[in-house]
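# make a model of this:
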Amino acid sequence: PDSLTVRMARLTLLIAFLVAIPHIALGVPAAGGRNVTICSAKDGSAVLLETPGYPVQNPDQFNFTHIHSPPGTHIVLQFIDFDFDEDKNCQSTNYIRVEDPILNTNPGGYICRDHPPPFFWKTERQQVTIKYVTGNLKMESRGYQIIATADACHPNPCGAGTLCANDEEECGEVLCCLWNNNKNEICEVPSVLLPLGPILVDDPVELFCETSRDEDDVYFRWYANNNVIEGEEGQTLSFAATLADDQRSFRCQVVATPNGFEVTSEISPPKQFRVSPPKPSIFQDPDRVLTQGEPFDVICVSNLGDASVSYIFLIDGTEQAPQASPEFMTFADLAQSSFSCRVQAFPDSPPSEESDPITPDVRAKTPTIRGSDQYVDGDTAEFECFSESNVPIDATYTWILSDGNEEVELDFNERFFRPQVDVINYDDRSLSCIVTVGGNPSLPGPPGPTDFVIQVFPRRPTISQSPINPLPAGSDFTVTCTETSVLDPSLRKYRFRVGDALLEPQTSNELQRTASLSVNPSISCEVSGDDGKSYSQASP
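This is a model prediction of the structure:
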């Protein structure tokens, strides 16, 4: 803004410079160019440079000013006024360039209204050329006023005798190497040293910017994915690893500020380290003994909260396709498959360590018993322990006989059980069986109210009469019921049937009768070996 206050401030600043500098060369370059020499860096020598016609610019101007400073010094430009017309691309109608005539470089770039110069600019050069261009038909701005002075060069941190791009030392011990390859850089490319070994989420990470420079002389600039990490200026970058770091590349840069002017190294090549999720855990749901064919879930727990990851399940060591869900639904199998899982954050990132495996406890389905449950003492029974599971041929079977108070495991392990049953050992006993596959027994079956209860009846008895027929009317005779089963005498009961009348059970196997001409019924008998609970077939 062209206010009176600003004009007075500029005038005061200019007067101060003119008073303070005893040897100053004044002059305005004409169209074309001129050479200006600064005599010394010690006695306050300076040159005041202005645009032609300052403070009024004339259109269609092009001129240059070539400035020299004494050996062992470099030029400092102080812009005490800079007022240019608008130049949309900063290269057409109103701009200046500050160039290095030796290296033929343009360290200052294009300077215009939208890209003004710094007020105090240490060029680090013994020679500079200021090129000035106007192109508008009518100029409405003032132009520039510059005071050029010389400053003593500072030592070359790259080492005495370091050569510039033109193979000549510039400014004696000046930071000559800073300008190699036409760049304002330290002549060194640092490198990022990565930590050794696998890195897991939340592990402490230290990245080291390797350089030959003395750390006390420089500071460091760190980049993640080419973005500056604010607040990190140490040679070591420390942080806790996250999954996001697996997709980030890290770079570093050495920065020095000799004589107040920032110089930098090239940015190091990008380095990327891999971050693996922590080792997951795995469990099954429901967490209990499973039966063959039962559906269940295998669940992988990543301990990563809400992080979006992929889950890789392994069945007997074989990887399945990655999936977004931590649950893997499957069916119980007697083959006893083992399950484990890994977690992966990105398709190209390393997966986690494999979880500890689990092997579900899978049993054959509770079996049933096939066969008749009623036999006569001495019969050979046949029972089959049947399971709906696809039981392998090497499965073993356990048969259990119970009287309600005590269970007896029978010495038999085949699928078909063919015992010779008797009343004493098998009658009214419940029979169950267990199928064992791979060392894992099934639940005994049939369980509970569906117990398979065996009934063993005494053998059909015979009946005899004494004396034998014919009998005199009114005479007494005895009917005897005889059976050959091995029965417990204390539990025997005999029941006689006379005609249609069924007499009360008795412990004696004999029935006393009197022969009669009018009543002469048929007589038969039944025998029980379990205190009258079940009876044999009636005798002939």
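# identify the residue nearest residue 304 in space, chain neighbours excluded?
Among residues not flanking residue 304 along the chain, residue 277 sits closest, at 6.0 Å (CB to CB, 6 or more residues apart in numbering). Bear in mind the C-beta positions are built from the backbone N, C-alpha and C, glycine included.
# next one: residue 310
residue 322 (4.1 Å).
# my guess is the residue nearest to residue 304 contacts residue 201. True?
Yes - with contact defined as CB atoms under 8 Å, residue 277 reaches residue 201; the gap is 5.7 Å.
# any shared contact partners between those two?
Residues touching both residue 277 and residue 201 (CB atoms under 8 Å, 6 or more residues apart in numbering) are 243, 304.
# before we move on, the earlier item: is the residue nearest to residue 310 in contact with residue 309, as I believe?
No - counting by CB under 8 Å, residue 322 stays clear of residue 309, with 9.4 Å between them.
# what bits of this structure have low per-residue confidence?
1-32, 41-44, 72, 103-104, 153-188, 214-217, 258-262, 305-307, 445-450 (pLDDT under 70).
# how about the helices in it?
Using DSSP state H, the helices found in the chain span residues 4-20, 423-426.
# output the shortest one as CSV, nothing but the C-alphas.
Included here for helix 423-426 are C-alpha records, laid out as CSV according to Å, rounded to 0.1, in the frame of the first residue of the first chain:
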residue,chain,number,x,y,z
VAL,A,423,-31.7,-114.4,33.6
ILE,A,424,-29.3,-113.8,36.4
ASN,A,425,-26.7,-111.6,34.6
TYR,A,426,-28.8,-109.8,31.9
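# what about residue 427, how many neighbours?
Applying other CB atoms under 10 Å, we find 23 residues neighbouring residue 427.
# and the strands in the stretch 251-400 of the chain?
Assigned by DSSP state E, counting those that start in this stretch, the stretch 251-400 of the chain shows strands spanning 263-265, 275-276, 281-285, 290-291, 295-301, 310-315, 318-319, 327-331, 339-344, 362-363, 368-370, 374-376, 383-386, 396-402.
# also the stretch 1-150 of the chain?
24-25, 32-37, 46-50, 61-68, 73-83, 94-99, 110-111, 120-122, 127-134, 143-152.
# so which of those comes closest to residue 235?
Taking CB to CB as the criterion, strand 120-122 is the member of the strands of the stretch 1-150 of the chain that comes nearest to residue 235, at 26.1 Å.
# and the closest one, how far from the chain's centre?
Mean-position distance between strand 120-122 and its chain equals 53 Å (CA atoms, centre = their mean, to the nearest Å).
# the chain should start at 55 in everything you say after this.
That works, and once the first residue is 55, the last one we named lands at strand 174-176.
# still on that earlier bit, mind checking the strands of the stretch 55-204 of the chain for the one nearest to residue 590?
strand 164-165 (123.4 Å).
# so what strands line up beside that closest one?
Looking at strand 164-165 with DSSP bridges, its partner strands are strand 148-153 (antiparallel).
# ok so, going back, the residue nearest to residue 358: neighbour count?
Around residue 331 there are 24 residues (other CB under 10 Å).
# got the strands of the stretch 55-204 of the chain as CSV, with mean neighbour count and distance to residue 404 columns?
Below are these laid out as CSV (neighbours: other CB atoms under 10 Å; distance: least, CB to CB, whole Å):
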stretch, mean neighbour count, distance to residue 404
strand 78-79, 16, 68
strand 86-91, 13, 63
strand 100-104, 22, 61
strand 115-122, 19, 59
strand 127-137, 21, 52
strand 148-153, 22, 51
strand 164-165, 21, 48
strand 174-176, 16, 49
strand 181-188, 21, 53
strand 197-206, 21, 54
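# which of these sits closest to residue 288?
It is, among the strands of the stretch 55-204 of the chain and with distance given as CB to CB, strand 174-176, at 26.4 Å.
# packing partners of that closest one?
If you count contacts as 3 or more CB pairs under 8 Å, 6 or more residues apart in numbering; DSSP states H and E, strand 174-176 packs onto strand 127-137.
# for the strand it packs on, which strands pair with it and how are they oriented?
strand 174-176 (antiparallel), strand 197-206 (antiparallel).
# among the strands of the stretch 55-204 of the chain, which comes closest to residue 572?
Here strand 164-165 is closest among the strands of the stretch 55-204 of the chain (CB to CB), at 150.0 Å.
# neighbouring contacts of that closest one?
Residues outside strand 164-165 that contact it (CB under 8 Å, 6+ apart) are 144, 145, 149, 150, 151, 152, 171.
# wait, the fifth one touches residue 166, no?
It refers to residue 151. No - at 10.0 Å, residue 151 does not count as touching residue 166 under the criterion of CB under 8 Å.
# residue 365 and residue 394 touch, don't they?
No - counting by CB under 8 Å, residue 365 does not reach residue 394; the two are 11.2 Å apart.
# joint contacts of the two?
Contacts common to residue 365 and residue 394, judged by CB under 8 Å, 6+ apart, are absent.
# ok, the two, which is more surrounded?
Counted by other CB under 10 Å, residue 365 and residue 394 do not tie: residue 365 has more neighbours, with 25 against 20.
# now that one: how far from residue 358?
11 Å (CB to CB, to the nearest Å).
# now the common contact residues for the two.
Common neighbours of residue 365 and residue 358 (CB under 8 Å, 6+ apart) are residue 397.
# identify the bridge partners of residue 273.
residue 309.
# cool, and residue 187?
For residue 187, the beta-bridge partners are residue 116, residue 149 (DSSP bridges).
# pull the contacting residues for it.
Residue 187 touches 115, 116, 147, 148, 149, 150, counting by CB under 8 Å, 6+ apart.
# now it: how far from residue 581?
Distance, residue 187 to residue 581, using CB to CB: 136 Å.
# what is the end-to-end distance of stretch 387-404?
31 Å (CA to CA, to the nearest Å).
# for that stretch, the distance to its chain's centre please.
Taking CA atoms, centre = their mean, one finds stretch 387-404 lying 11 Å from the centre of the chain it belongs to.
# tell me the buried residues in that stretch?
Neighbour-count burial for stretch 387-404 flags 387, 388, 391, 393, 394, 395, 396, 397, 398, 399, 403, 404 (criterion: 16 or more other CB atoms under 10 Å).
# what's the farthest-apart pair in the residues you listed?
Pairwise over these, using CB to CB, the maximum falls at 388 and 403, 37.5 Å.
# what touches both of residue 376 and residue 363?
residue 398.
# those two: which has the busier surroundings?
Neighbour count, other CB under 10 Å: between residue 376 and residue 363, residue 363 has more, with 22 against 15.
# ok, the more buried one - contacts?
Taking CB under 8 Å, 6+ apart, one finds 297, 331, 356, 397, 398, 399 in contact with residue 363.
# let's see it at 7 Å
By CB atoms under 7 Å, 6 or more residues apart in numbering, residue 363 lies in contact with 331, 356, 397, 398, 399.
# next one: residue 556
Neighbour list for residue 556: residue 549 [criterion: CB under 7 Å, 6+ apart].
# residue 548 versus that one, what's the distance?
Applying CB to CB to residue 556 and residue 548 gives a distance of 12 Å.
# for residue 136, same thing?
Distance of residue 136 to residue 548, given as CB to CB: 136 Å.
# adding distance to residue 380, write the contacts of strand 164-165 out as a markdown table.
Compiled in a markdown table, those are given as follows (distance: CB to CB, whole Å):
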| residue | distance to residue 380 |
| --- | --- |
| 144 | 57 |
| 145 | 59 |
| 149 | 62 |
| 150 | 65 |
| 151 | 62 |
| 152 | 63 |
| 171 | 60 |
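# out of these, what pair is the most spread apart?
Most distant of these, by CB to CB, are 145 and 171, 15.4 Å apart.
# between these two, who's got more neighbours?
More crowded of residue 145 and residue 171, by other CB under 10 Å: residue 171, with 18 against 12.
# quick one: contacts for that one?
133, 136, 162, 165.
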